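Student: Test case, fold it:
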Amino acid sequence: IGGVGAGQGAHVVAGEDAGQADRGGSGGSGTTALTGAGADAAAAMAAAETRAQVAHLIRENDILAAEAQALADVAQAREAQLVARITELEAAARDSAAAAARAATSGGAGATQMNGDVKGGAAR
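Tutor: Below you'll find the predicted structure:
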């Protein structure tokens with residue numbers, strides 16, 4: 001957003017005022033030096049515009065921060081779900097391994113497949 005240019009002490013005069021400045025010889029190219037109240041008004045306008053820009057950027061930053069926090073919350077919840085699921089799968093794998101070990105050592109009656117052949121009967 002363009003500023004007024006109060007920092008350089010110049011203000012572009014447009015329209016009829018520019019023409020009058022040219023005819024009067026004080027403006028030359030349509031610019032006239034601001035002094036006193038004019039410079040103060042231009043500086044006040046520039047300061048107000050700057051404050052408005054800063055306020056807008058602060059609001060935008062707050063919105064982005066809220067969105068980032070929401071995404072972080074979603075990621076944290078998803079991570080917790082994945083950790084819980086991994087824990088369940090690990091427990092199921094341990095239970096399966098334990099059941100397989102018990103079946104192998106129990107020697108119970110029943111069929112056990114070994115090397116593609118089905119062997120039946122009780123363990124000896």
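Student: as a whole number, average confidence for the helix ranked longest in the chain?
Tutor: Longest helix in the chain, counting residues (DSSP state H): helix 37-106. Averaging pLDDT along helix 37-106 yields 96.
Student: other SSEs contacting that helix?
Tutor: On a contact count with 3 or more CB pairs under 8 Å, 6 or more residues apart in numbering; DSSP states H and E, helix 37-106 meets no helix or strand. In short, each C-beta sits where N, CA and C put it, glycine included.
Student: rerun that using 10 Å as the cut-off
Tutor: strand 10-12 (3 or more CB pairs under 10 Å, 6 or more residues apart in numbering; DSSP states H and E).
Student: neighbours around A42, how many?
Tutor: Counted with other CB atoms under 10 Å, residues neighbouring A42 total 19.
Student: cool, the one 4 residues further on as well?
Tutor: By the criterion of other CB under 10 Å, A46 has 16 neighbours.
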